[in-house]
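A.B. asks: no sequence on hand, only this structure:
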């Protein structure tokens, strides 16, 4: 799906998708900011592909740490979902809540469904040095 630059509009309300069509290639659906996110996915009839995320509080989101994986696992079966965002720290086993097994299970579920996995890192205070960025990209790959 993503072989080139993709501009994603971010929202917690999929009803906003029509406003993004003219400007975005995809929608990042912030499940952690959504009211009844699985019902929104069930009702989604938009044209833009979806990247789903359920960001944990330790990465700047509002989701609880472990339970968020159930919603993400349920979301990857939707036809409109083309990618799922999983925090790299969780995949590496560095998450503060020890959620590696949940993150790796979600990664496998996504792969089985043909959904791409985005391994994300958020640093709200600075951009890491070049060597650290190269290491993060290598781990994410």
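C.D. replies: Cool, the structure landed. Because the structure is predicted, anything quoted here is derived from the model rather than measured.

A.B. asks: residue contacts, residue 54?
C.D. replies: By Cβ atoms under 8 Å, 6 or more residues apart in numbering, the contact set of residue 54 is 30, 31, 32, 37, 61, 63, 68, 69, 71, 72. All C-beta atoms are positioned from the backbone trio N, CA, C, and that covers glycine.

A.B. asks: show me which helix runs longest in this protein.
C.D. replies: helix 100-112 (DSSP state H).

A.B. asks: format the contacts of residue 54 as TSV; extra columns: neighbour count.
C.D. replies: Output for the contacts of residue 54, formatted as TSV (neighbours: other Cβ atoms under 10 Å):
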residue	neighbour count
30	21
31	24
32	20
37	24
61	18
63	21
68	23
69	22
71	17
72	23
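
A.B. asks: redo those residues as JSON lines? Include pLDDT.
C.D. replies: What follows is the contacts of residue 54, written out as JSON lines (pLDDT from 0 to 100):
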{"residue": "30", "pLDDT": "97"}
{"residue": "31", "pLDDT": "97"}
{"residue": "32", "pLDDT": "96"}
{"residue": "37", "pLDDT": "97"}
{"residue": "61", "pLDDT": "90"}
{"residue": "63", "pLDDT": "90"}
{"residue": "68", "pLDDT": "91"}
{"residue": "69", "pLDDT": "93"}
{"residue": "71", "pLDDT": "95"}
{"residue": "72", "pLDDT": "96"}
